[in-house]
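Participant: please work out how this folds:
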Amino acid sequence: MKNWIEKKIGELLSESKIESLNPDTNNRLRVKLNLGGIEKRPDTTDKEGATKYFKRKAGQFIYGKQNLHKGAFGIIPLELDGFESSSDIPAFDVHQSCYPEWIFYYFKQGNFYLKLESLAKGVGSKRIQPNQLFNLKILLPSLEEQRRILDEVESFEEKYSKIHKEIENQLDLTYKLKKSFINEAVVGKLTEKWRENNIVASNAKTLLKEIKLEKARLITEKKVPKEKTSKVIINSEIPYEIPASWSWTRLVDVIRFMAYGTSQKTNDNSDDVPVLRMGNITSDGKLIFDNLKYIPTQHKDLPKLYLNSGDLVFNRTNSYELVGKSAVYIGEENMYTLASYLIKVSLFKEHINPEYINYYIISPICRKTQIEPQIIVQTNQANFSGSKLKNILVPIPPLSEQNEIVEKIKNLQIYCSNLEQKIVQNLNDINSLITTTLKDTFRVDSSQIERLKSDSNKVVGESIKKINYHLNHSLMELIEILKQNGKMPAIDLWKMSKHENDIDSFYDDLKQQIQVNKTIKESVEKGFLELTNEN
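Facilitator: So this is what the prediction gives:
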């Protein structure tokens, strides 16, 4: 590096501003996140407006102002020559003393681009302006040496990208393996050998009769509410064959008690009762106990809504992909409760293993046949009500086989988790090797970012003053945000609102504004929200 010259990025990049005189929506490009490259933007119907579009050329360096720090940058490929983008996706001609790829790897090396987040300024949607980057310093060798190094780096990356892809395939296969184990369990295949070698005293029909008698007794003693008689199961409803010793039933027939969680506004007082919310259920059927909110100990919903060990916690409202998550609470009695977007389900634990029921609910086959056909999607929310949950079909084995299934799945998941850890470690090793190699090659002083913070404040200071609301936009009400910004995607509304760290509270507020106050409505443009005409 003895003959390398230190240059400012601004000496090597000049922003291209060739305005498109005839903008074409079919000729737009976009920059993907996570170093995903540049591509033709999917066809959309843009409304006419004052937005200017600029012609872009192959070989230009380009980035997204909002997402540079998320890996939204690259070099425009030949096939996108002549395409367009707005000023929010600026493109730059690169000085003849520098290969465009040298600039690309400068930002990529050592995940340097991640550190640029601190430069992003603005309210709501933060942006990194070109002038904020121009003072960054880069070491520049001769064109000949640049080419030699770039050839070596590209060859290195090509080699390890193949390994990286193979490792990711292994992770995907491990995930599918976990799901296949659960599927095999709930159709009876996982315990085929077990049934051959074990004599079960009574079958599932006897077990269900015992539950029915127990429920009738509890109703008579007024310990549980009386349920409507469950609908008779007809043959066309049964999704698949099960072993002869098993029986199909509706979930309601094995439920002792069910209730929606509390709609009480939560607080941050950790001396109160912790409330589990939708984010506390993982996609693989477990509960996590972090990012908690609380309600007062003397609240009217308690003790009824305390979770008891063995209770199912079901997520009835979420995105389409995540609604229907389920987990079993195993812990201290009368300690935790749950929020209104969750359902508490207490089963007859003397006859039913709650973990078996949970594995069934999160199984792909239950998701496909019982959950997805009945999901209702409204205003960017997906719902699966308690009444629908009660009526799903559940295959019930004898209790001893339920316990065996749970034990087998747990052992197989331990195996998969150990395998996953080894794969992840291999992936981390590869990523670390690539990162270190690029960092050693390009050697950027990341302390430059700290020095540039004060400069960047000056660059965007004037534009911030023109915004109608303050930097603490997270204190804003939903209606005020829409008044100032017009219609917007629900996720942007959430992130700009006072609920940015609490999606449950956001949904509660949004539901109130849409269904009760009728101040907000879903826009004709799918996925967007706007004020009603009265506002």
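
Participant: going along the chain, name the helices of this structure.
Facilitator: 9-12, 100-108, 130-133, 143-186, 192-197, 204-220, 354-362, 364-366, 386-391, 399-442, 448-465, 478-485, 490-496, 503-511 (DSSP state H).

Participant: among those, single out whichever gets nearest to Glu522.
Facilitator: helix 490-496 (8.8 Å; Cβ to Cβ). Yep, even glycine has a C-beta here, placed from its N, CA and C like the rest.

Participant: avg pLDDT for the closest one?
Facilitator: Mean pLDDT, helix 490-496: 70.

Participant: now stretch 169-180
Facilitator: pLDDT averaged over stretch 169-180 gives 85.

Participant: so which bits of that stretch are buried?
Facilitator: Residues Gln170, Thr174, Lys178, Ser180 are the ones in stretch 169-180 that count as buried (16 or more other Cβ atoms under 10 Å).

Participant: same question for stretch 79-99.
Facilitator: For stretch 79-99, using 16+ other Cβ under 10 Å, the buried residues are Leu80, Phe83, Glu84, Ser85, Ile89, Pro90, Ala91, Phe92, Val94, Cys98, Tyr99.

Participant: make CSV out of those and add distance to Ile199 and pLDDT.
Facilitator: Shown next, in CSV, are those (distance: Cβ to Cβ, whole Å; pLDDT from 0 to 100):
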residue, distance to Ile199, pLDDT
Leu80, 69, 96
Phe83, 71, 96
Glu84, 74, 95
Ser85, 71, 94
Ile89, 69, 95
Pro90, 74, 96
Ala91, 74, 97
Phe92, 77, 97
Val94, 78, 97
Cys98, 79, 96
Tyr99, 75, 96
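
Participant: before we move on, back to that, if we take the buried residues of stretch 169-180, which one ends up nearest to Ser270?
Facilitator: For the buried residues of stretch 169-180, the nearest to Ser270 is Lys178 (34.0 Å; Cβ to Cβ).

Participant: can I assume the closest one is in contact with Gln413?
Facilitator: Yes. The pair Lys178 and Gln413 qualifies as a contact (Cβ atoms under 8 Å) at a distance of 6.2 Å.

Participant: distance of the closest residue to Ser497 other than its chain neighbours relative to Met496?
Facilitator: Excluding the flanking residues, the one nearest Ser497 by Cβ to Cβ, 6 or more residues apart in numbering is Leu478, at 5.6 Å. Separation of Leu478 from Met496 (Cβ to Cβ, to the nearest Å) stands at 9 Å.

Participant: contacts only, for the residue nearest to Ile5 when sequence neighbours are not counted.
Facilitator: Closest residue to Ile5 apart from its sequence neighbours, by Cβ to Cβ, 6+ apart: Leu140 at 5.1 Å. Neighbouring residues of Leu140 by Cβ atoms under 8 Å, 6 or more residues apart in numbering: Trp4, Ile5, Glu6, Lys7, Leu12, Ser97, Cys98, Trp102, Gln146.

Participant: just the buried subset of the residues you listed, please.
Facilitator: By 16+ other Cβ under 10 Å, these give Lys7, Leu12, Cys98, Trp102, Gln146 as buried.

Participant: middle-most residue in the protein, spatially?
Facilitator: Leu322 (8.5 Å; Cα atoms, centre = their mean).

Participant: list the residues that contact it.
Facilitator: Taking Cβ under 8 Å, 6+ apart, one finds Met278, Ser283, Asn315, Ala382 in contact with Leu322.

Participant: for Glu117, same thing?
Facilitator: So Glu117 contacts His69 (Cβ under 8 Å, 6+ apart).

Participant: go again using 10 Å as the cut-off
Facilitator: Asn67, Leu68, His69, Lys70, Lys126, Ile128, Ile449 (Cβ atoms under 10 Å, 6 or more residues apart in numbering).

Participant: and Gly64, how many neighbours does it have?
Facilitator: 22 (other Cβ atoms under 10 Å).

Participant: pretty sure it sits against Ala120.
Facilitator: No. The pair Gly64 / Ala120 is not scored as a contact, 11.2 Å apart, by Cβ atoms under 10 Å.

Participant: list residues touching both of these two?
Facilitator: Arg127, Ile128.

Participant: name the member of the contacts of Glu117 with the most neighbours.
Facilitator: The residue in these with the most neighbours, by other Cβ under 10 Å, is Ile128 (25 neighbours).

Participant: burial of Val323, as a residue count?
Facilitator: 22.

Participant: on that earlier part again, what is the nearest of the buried residues of stretch 169-180 to Tyr359?
Facilitator: Using Cβ to Cβ, those come closest to Tyr359 at Lys178, 10.7 Å.

Participant: which non-adjacent residue is nearest that closest one?
Facilitator: Per Cβ to Cβ, 6+ apart, closest to Lys178 is Cys416, 5.0 Å.

Participant: got a pLDDT number for the one you found?
Facilitator: 84.

Participant: do I have it right that it meets Thr174?
Facilitator: Yes. Between Cys416 and Thr174 there is a contact at 5.5 Å, judged by Cβ under 10 Å.

Participant: stretch 248-262: end-to-end distance?
Facilitator: 32 Å (Cα to Cα, to the nearest Å).
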